[in-house]
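1. return atomic coordinates for the entry below.
(one chain, ligands or ions: 1)
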Amino acid sequence: MATFYKLLRFGRCCVFLNKNVNNTIGKSRCFRTVVEQPKPKNFLKISLISASIGVLVGTGYSFKKISQERKNIALEGTETQIELLKYKPPITPSRKIVFPTDTTGLKLTLYQYQTCPFCCKVRVFLDYYGISYDVVEVDPVLRNEIKWSNYKKVPILLAKVDKGYQPLNDSSMIVSLLSSYLTEKTQEMNELAKYYPIIAMHDDDGKFKHEVVNKYFLMYGSSIPKDRTMNDIVEERKWRKWADDVLVHVLSPNVYRSLDEAYQTFNWFSKVGQWEEYFPAWERVIMINVGACAMWLISKRLKKRHHLKHDVRESFYDEVNYWLDGIRAGGGQFMGGDNPNLSDLAVYGILKSIEGCEAFRDLQKNTDVSVWYNAMREKVDGHAGSEFING
Ligand SMILES: N[C@@H](CCC(=O)N[C@@H](CS)C(=O)NCC(=O)O)C(=O)O
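-> Numbers count the residues shown, from 1 in each chain. A predicted model of the protein is given here:
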C-alpha cells in the first residue's frame, strides 16, 4: 500500500513537472520554488530518521563488540578438549583409500576439500606412511558433511578409538598426533589428543582465536627415538611452522593473481576435486564464478597483508628458494636427510595443492624445486614411509 502511495506521489510530481517545464522563463522560477519547497522538510525528516537508525545500529554494534571483547579476554588461556563422539556421523565416504600393506589397524575418515593445502598435507602424510583412510569430500558451500562438528574448517580427521570416535582438528595437530602415535602405538589416540588442548587466545595481531598452541610438538613420552636428535626435532618443527605461517600465504596471491588465472585455478580445482561428481551443477557454477571473482579480489588484500612483493611470483620463488637453501645446508636429499621428515611432507603437501596451476609451472621453470619435488613424489606415491611403521 505504501508503495502505491509513493507511486501516486511520484505520478503527481511528474504531471506537475511536465506542466511547468513548458512554461516561460519567468514562470520557471516559480516552478523551481514550488517543486523544491517540500524538499527541506522531507530531507530533514529522512536525515533525522537515518541519523537515529545510524546511532542505534552503531551503539548496538559497539555494545555487542565491547561485551564480546570482554568475554574473549575472560576466556583467554582457557582450555578445551575436542569431545569424543559415541557414534560415527552417518555420512557415506566419497571414496576409500586402501593400502594392502597397512598393518596399523587405524580406522580413519578424512573430511576434506581435495585442493585445500592443509588437507593435502594430511593426505600426503597418510599416503607416505601407507595408512588406509576414507575420504569425505565436504561441500564448501553448504558444508553439510561437517554439521556434526563445532569446528567449521577442514581438514577434520575422525579416528576410531575404543569408546567411540575421536575428532582431530587442524592439519598440523593431526600430523603431530599421528606421528606420535606411530612411534609409540601403545598410546590410545584419545589419550594422545589430551596433550593437544585448544587454548583460547589473542594472536600477535590481537585477533581472538582458539588454537592448538603445541601443534608442532611430538609426544615422545619419556625418551626420544634413537635415530633423532633434539636439534633435528627443533629444525623440523621450525620448518613445519614456516610452511603454515609463510609458505601457505604466498599461494593465494599467486594462483589468483589475475582474473584469468583465478578462473584457470578454479577450473583445475573442479577437475581434480571431481566437483562434477560430488556437487550439483548450480553449486559448481557458483563455486567457480563466485569463487574465482571473490578470490581474485581477496588475493589483493592478502598480498598486502602478507607483505608480498609487487610481482607476487618473486615472493613465491624467494620462499621456495629459502626452503631449498635449507635442504642444501643440511646436505641431504631432503630436509630430513636421506628420507623425508614431517617438514618435507608438509611443504610437499602444500605445493601439491597447486600442482595444476600456472604458478606451479612458473615455479618449476624459475627455481630448482623439481629435483626435490619429484623425489618427494616418488617417496609419497611409493608409500616409502610404511617400512618405518609397519612390522
Ligand atoms: N590451521 C588449519 C587451517 C584450516 C583451514 O583454514 N581450512 C580452510 C580450507 S583451506 C577452511 O576450512 N576454511 C573454512 C571454510 O572453507 O569454510 C589447519 O592447518 O588445518
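2. check what pLDDT the closest residue to Ser258 other than its chain neighbours gets.
-> Leaving aside its sequence neighbours, Ser258 sits nearest to Trp296 (CB to CB, 6 or more residues apart in numbering; 7.1 Å). Quick note: C-beta positions are derived from backbone N, CA and C, even for glycine. We have a pLDDT of 97 for Trp296.
3. residues contacting Trp296?
-> Tyr256, Ser258, Leu259, Ala262 (CB atoms under 8 Å, 6 or more residues apart in numbering).
4. count of neighbours near the second one?
-> Just to be clear, that refers to Ser258. Ser258 has 11 neighbours, counted by other CB atoms under 10 Å.
5. now do the last one
-> Using other CB under 10 Å as the criterion, Ala262 is surrounded by 23 other residues.
6. could you measure from Trp275 over to Leu218?
-> Using CB to CB, to the nearest Å, Trp275 is found at 36 Å from Leu218.
7. next one: Asp134
-> According to CB to CB, Asp134 and Leu218 sit 25 Å apart.
8. repeat for Gly164
-> Gly164 is 25 Å from Leu218, where distance means CB to CB.
9. which one's more surrounded, those two?
-> The residue with more neighbours, out of Gly164 and Leu218, is Leu218; 20 against 16, by other CB under 10 Å.
10. what backbone torsions are found at the more buried one?
-> Backbone torsions for Leu218, taken as degrees, to the nearest 10, come to phi -100, psi 140.
11. kindly report the same for Tyr87.
-> phi -120, psi 160.
12. ok, it touching Leu158?
-> No - between Tyr87 and Leu158 there is no contact under CB atoms under 8 Å: 11.0 Å.
13. after the longest helix belonging to the chain, next one along is what?
-> Counting residues, the longest helix found in the chain (DSSP state H) is helix 38-75. Using DSSP states H and E, the helix or strand that follows helix 38-75 in sequence is strand 79-80.
14. let me know the average pLDDT across that following strand.
-> So the average pLDDT for strand 79-80 ends up being 88.
15. repeat that for stretch 162-181.
-> Rounded mean pLDDT across stretch 162-181 is 97.
16. likewise for stretch 194-206?
-> Average pLDDT, stretch 194-206: 92.
17. mind listing what's buried along that stretch?
-> For stretch 194-206, burial by neighbour count (16 or more other CB atoms under 10 Å) applies to Tyr195, Tyr196, Ile198, Ile199, Ala200, Met201.
18. next one: stretch 366-376
-> Buried residues in stretch 366-376, counted by 16+ other CB under 10 Å: Thr367, Val369, Trp372, Tyr373, Met376.
19. same check, this time on stretch 289-302
-> Within stretch 289-302, the residues that qualify as buried are Gly291, Ala292, Met295, Trp296, Ser299, Leu302, counting by 16+ other CB under 10 Å.
20. report the separation between the last one and the ligand.
-> So the one you mean is Leu302. 13 Å (CB to the nearest ligand atom, to the nearest Å).
21. repeat for Gly130
-> 22 Å.
22. returning to that earlier point: nearest to the ligand among the contacts of Trp296?
-> Tyr256 (13.5 Å; CB to the nearest ligand atom).
23. domain-wise, how is this protein divided?
-> In the assignment given by automatic domain parsing, the structural domains of the chain cover 2-74, 95-389.
24. of those, flag the one that's most buried.
-> Mean neighbours per residue, mean count of other CB atoms under 10 Å, is largest over the domains of the chain for domain 95-389, with a mean of 18.
25. secondary structure element for the residue nearest to Met219 when sequence neighbours are not counted?
-> Counting by CB to CB, 6+ apart, Ser180 is the residue found nearest to Met219 once chain neighbours are left out, at 4.1 Å. Secondary structure assigned from DSSP H and E places Ser180 in helix 171-183.
26. helices and strands around that helix, which ones?
-> If you count contacts as 3 or more CB pairs under 8 Å, 6 or more residues apart in numbering; DSSP states H and E, helix 171-183 packs onto helix 117-129, helix 189-193, helix 342-352.
27. okay, those in a markdown table with distance to Val234 next?
-> Shown next, in a markdown table, are the helices and strands packed on helix 171-183 (distance: least, CB to CB, whole Å):
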| stretch | distance to Val234 |
| --- | --- |
| helix 117-129 | 20 |
| helix 189-193 | 21 |
| helix 342-352 | 11 |
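28. these: lowest mean pLDDT?
-> Sorting the helices and strands packed on helix 171-183 by mean pLDDT places helix 189-193 lowest, at a mean of 94.
29. let me know the helix or strand that Tyr317 is in.
-> Tyr317 is part of helix 312-330, with elements assigned from DSSP H and E.
30. what's that helix in contact with?
-> 235, 239, 242, 246-247, 250-251, 253-254, 257, 303, 308-309, 333-335, 337, 347, 351, 359, 362-363, 366-369, 372.
31. pop out the phi and psi values for the residue in the stretch 201-350 of the chain positioned nearest to the ligand.
-> With CB to the nearest ligand atom as the measure, Asp244 is the residue of the stretch 201-350 of the chain nearest to the ligand, at 6.2 Å. Note on Asp244: its backbone torsions stand at phi -80, psi -40 [degrees, to the nearest 10].
32. which ones are touching the residue nearest to it when sequence neighbours are not counted?
-> Spatial nearest neighbour of Asp244, chain neighbours left out: Ser172 (6.1 Å); criterion: CB to CB, 6+ apart. The contact partners of Ser172, taken as CB under 8 Å, 6+ apart, are Lys121, Val212, Lys215, Tyr216, Arg240, Asp244, Ala346.
33. would you quantify the distance from the nearest residue to the first one once chain neighbours are set aside to Thr92?
-> Take Lys121 and drop its neighbours on the chain: the residue closest to it by CB to CB, 6+ apart is Gly349, 3.5 Å away. Gly349 sits at a distance of 26 Å from Thr92 (criterion: CB to CB).
34. swap in Glu276?
-> To Thr92, Glu276 is 18 Å away according to CB to CB.
35. am I right that Cys209 sits in a strand?
-> Actually, residue 209 is Lys rather than Cys. Yes - assessed with DSSP: H, G, I helix; E, B strand; the rest coil, Lys209 lies in a strand.
36. please name the nearest non-neighbouring residue to it.
-> The nearest residue in space to Lys209 (CB to CB, 6+ apart) is Asp203, at 6.0 Å.
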